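Colleague: okay, sequence plus prediction incoming.
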Amino acid sequence: MSGINQIKGVESSCVRVQAGVKLADLHDYLAKQDLEVSFSPEIGDATVGSLVVCTSKDSSIDGPGYLSALVTDVTYVDEDGCLVSLSLAKDPSALLAFTCSYGMMGIVVEAVLEVRRRIAITTSGYAFMTRSGEDAAAHLAQAQQQHDALFAILVPGKQHLYVEARDKASKSAARLARSAALSAVRTLGVNGFVKAFMQRTKYNCFLRGTPMGKKMAKLLAKDNPPTTHYRRAFVNRYPAVEPGSRRLDFSFVEFDLPQLQSVVAECWERHFEFKQRTGWAPSGYGVYFVPRGWTQQRALQQHVSGAKALAKPCGNFSGPPGVSFMLDPITGDCDDPRWLQFNLEYSAWAVSRGATPSLSQSKGLLPGQAGLPQQLTRSRFLTPHYAQFVE
């Protein structure tokens, strides 16, 4: 994508970018103008073009937790080699359908995304020692109700739950963050806890796919000062993977929030059953909470005709307005054959519980467990992987 990796500039409340732009680079560019996109997932090396048409997730504050909801315009190359442009204002149904296509309708060339003035966010880290899935689910439910957004890592094997609570910063903290120009300095009040939280935890749990050690859990269990920063602080760049090295892998599943208690409890039990049966289990499970229905809400605010019908026609976050949660198994042992075996069983269980998997991020999916509408595919672009799910 090196030939189409330019950020063309900010236009009113939007930014126009080419498909090959990496999300981390976009955040850096916007920060210089005191702007941001509300979406900032952990892995900043993902390109805008891929995120326009594939599944993405982030526990965002005052904004959608998936990048496709920020798209107002897109230009792509169709199967005939022609440039096609779609606009949310003029072609809302066609644009929303295209964002569900996993790239099987054409090749993204350029997109226009909504931006906003940067919002300072205060994060606090906690670790709960959990004895059961019901216990972990209760902590998650309480934290989800008490905070603007949160991310969590459930580690049944260590019997603890790590929670990163995210809230809008107070006015005084926000003023400090703005005056500090945090485009270069990622956190305020950097201390031992913050360094451990921002570096050790994310490195171990994401890049290496390994859980936190007991010392880290004990540190987080103590009274820790919160830290205030901008969303760019959530986005990391990772080094290239070396042959034979540990690397992150995960599998995406989307559940509806009312299922939180029962799903987490069942997941906990399944984790230990699989470990006892095979001698192996994932390092942990990443938990995200993502509101649905942002496109509808935005259209209603702008008094767009037929706004209530403006929703993703299929795939992730296509349900009615509400909140979804993800419970994604994580590992750094992705070459272990038991990882594939686990995902075959996990995906089948998740689908049986009504979960919506992702054709681009769910592992172990079988035909019939997820679908891709035929009208969202073109023979020139349809790959063998996606072809098995066409319906």
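Modeller: It's in.
Colleague: which phi and psi does residue 383 have?
Modeller: Note on residue 383: its backbone torsions stand at phi -90, psi 160 [degrees, to the nearest 10].
Colleague: tally of neighbours for it?
Modeller: Per other Cβ atoms under 10 Å, the neighbour tally for residue 383 reads 11. Where C-beta positions appear, they are placed from N, C-alpha and C, glycine not excepted.
Colleague: what sits against residue 164?
Modeller: Applying Cβ atoms under 8 Å, 6 or more residues apart in numbering to residue 164 gives the contacts 123-125, 150-152, 197.
Colleague: name the nearest of these relative to residue 364.
Modeller: For the contacts of residue 164, the minimum distance to residue 364 (Cβ to Cβ) is 22.8 Å, reached by residue 152.
Colleague: that older thread, out of the contacts of residue 164, give me the one that has the most neighbours.
Modeller: Counting by other Cβ under 10 Å, top hit in the contacts of residue 164: residue 152 with 25 neighbours.
Colleague: wait, isn't that one in contact with residue 162?
Modeller: Yes - applying Cβ atoms under 8 Å as the test, residue 152 and residue 162 come out as touching, 6.3 Å apart.
Colleague: picking that back up, can you put the contacts of residue 164 in TSV and add secondary structure, pLDDT and distance to residue 71?
Modeller: Converted to TSV, these look like this (DSSP: H, G, I helix; E, B strand; the rest coil; pLDDT from 0 to 100; distance: Cβ to Cβ, whole Å):
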residue	secondary structure	pLDDT	distance to residue 71
123	strand	82	27
124	strand	81	32
125	strand	78	32
150	strand	89	25
151	strand	89	23
152	strand	91	28
197	helix	44	32
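Colleague: host element of the closest residue to residue 375 other than its chain neighbours?
Modeller: Distances taken as Cβ to Cβ, 6 or more residues apart in numbering put residue 97 closest to residue 375, at 7.7 Å, once the chain neighbours are dropped. Assigned by DSSP states H and E, residue 97 belongs to helix 92-98.
Colleague: and that helix, what does it pack against?
Modeller: Secondary structure elements in contact with helix 92-98, counted by 3 or more Cβ pairs under 8 Å, 6 or more residues apart in numbering; DSSP states H and E, are strand 71-77, strand 83-87.
Colleague: check those strands for me and report the most buried one.
Modeller: Of all the helices and strands packed on helix 92-98, strand 71-77 has the most neighbours on average by mean count of other Cβ atoms under 10 Å, namely a mean of 21.
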